[in-house]
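[1] for reference, the sequence and a predicted model appear below.
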Amino acid sequence: MGSIWVKIAGAVVVLVLVIVILGRLGGDEPASQPAQKDKTFYDMADRDKQFGEEPKAVQEPKVETAQQPVAQEPAPTEPPAQQPAQAEQQPAAQVPGVVLPSSITAPTTLYFKPLDETEQVSAEQTLPWAVASRSIGRLPMMQYGPMVKACRDILQRWPESWYAFRAKQMLEEVAERHAQYNITQQELDISRFLKPRRGTEPREVKPVR
């Protein structure tokens, strides 16, 4: 009988040692993982700088049309085949026919009209002010009114430019939480930028991180 109790006691001791060792190993894992820090005002201000970045120009391949006049006749069947691919990249908005800036979830080619020298100078002054006002609007006792006003100024003066696209991006994020500015989905619509138009240039836009 004595040997049985010795074996049982030995098994208990071994079990306790295993539990202690596993407990120590398991307790080390949470300590090795750094705690995720909350984003500060400066972190969000750095994120806002993305709205001031100029989209990169895109070089689209030119299609020769003079050498193959016969092959172009069935070409009208090709654009309908390409349109569904574009529709998949742009999720449907709440309002029919409206495409929101947030539907850009991957690098996408959009089409904008370039500005002349005078317009370019004015736009380069207005957009940074809108971005800075967006960051300031997060501070206590501050509001997004100056940012909304600057963005609407951009939309009115340069509606076909990439500056207008950036303005729509900023307005959309504010519209989700601040209904007092009466930002409509029609103001946010970027559907005009999805297809080439006369005088436009292709540029690659990326989602805001």
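    The structure has been received and is ready for your questions.
[2] tally of neighbours for the residue lying closest to Leu139 once chain neighbours are set aside?
    Leaving out its chain neighbours, the residue that sits closest to Leu139 by CB to CB, 6 or more residues apart in numbering is Phe41, at 7.0 Å. For glycine as for every other residue, the C-beta is placed from the backbone atoms N, C-alpha and C. By the criterion of other CB atoms under 10 Å, Phe41 has 11 neighbours.
[3] same question for Asn182.
    Other residues lying near Asn182 total 9 when counted by other CB under 10 Å.
[4] what do you get for Arg203?
    19.
[5] what is the subsequent helix or strand relative to the helix-or-strand element of the chain with minimal mean pLDDT?
    When the helices and strands of the chain are compared on mean pLDDT, DSSP states H and E, helix 78-89 comes out lowest with a mean of 41. Beyond helix 78-89 on the C-terminal side, the first helix or strand identified by DSSP states H and E is strand 108-112.
[6] just to revisit the earlier point, please verify my assumption that the residue nearest to Leu139 contacts Pro140.
    No - counting by CB atoms under 8 Å, Phe41 does not reach Pro140; the two are 10.2 Å apart.
[7] mind listing the strands for the protein?
    With DSSP state E applied, the chain shows strands at 56-57, 108-112, 201-205, listed in chain order.
[8] tell me the most buried of these?
    Mean neighbour counts were taken over the strands of the chain using mean count of other CB atoms under 10 Å, and the top value, a mean of 20, falls to strand 108-112.
[9] stretch 131-148: end-to-end distance?
    10 Å (CA to CA, to the nearest Å).
[10] tell me which residues in it are buried?
    Within stretch 131-148, the residues that qualify as buried are 131-137, 143-144, 146-148, counting by 16 or more other CB atoms under 10 Å.
[11] need those residues in a markdown table (columns: pLDDT).
    Supplementary listing: those in a markdown table, determined by pLDDT from 0 to 100:
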| residue | pLDDT |
| --- | --- |
| Val131 | 94 |
| Ala132 | 93 |
| Ser133 | 92 |
| Arg134 | 90 |
| Ser135 | 91 |
| Ile136 | 91 |
| Gly137 | 90 |
| Gln143 | 92 |
| Tyr144 | 93 |
| Pro146 | 95 |
| Met147 | 95 |
| Val148 | 96 |
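[12] give me the subset of those residues lying in helices.
    Among those, the members found in helices (DSSP state H) are 131-136, 146-148.
[13] next, Ile183: phi, psi?
    For Ile183, the backbone dihedrals (degrees, to the nearest 10) come out as phi -80, psi 120.
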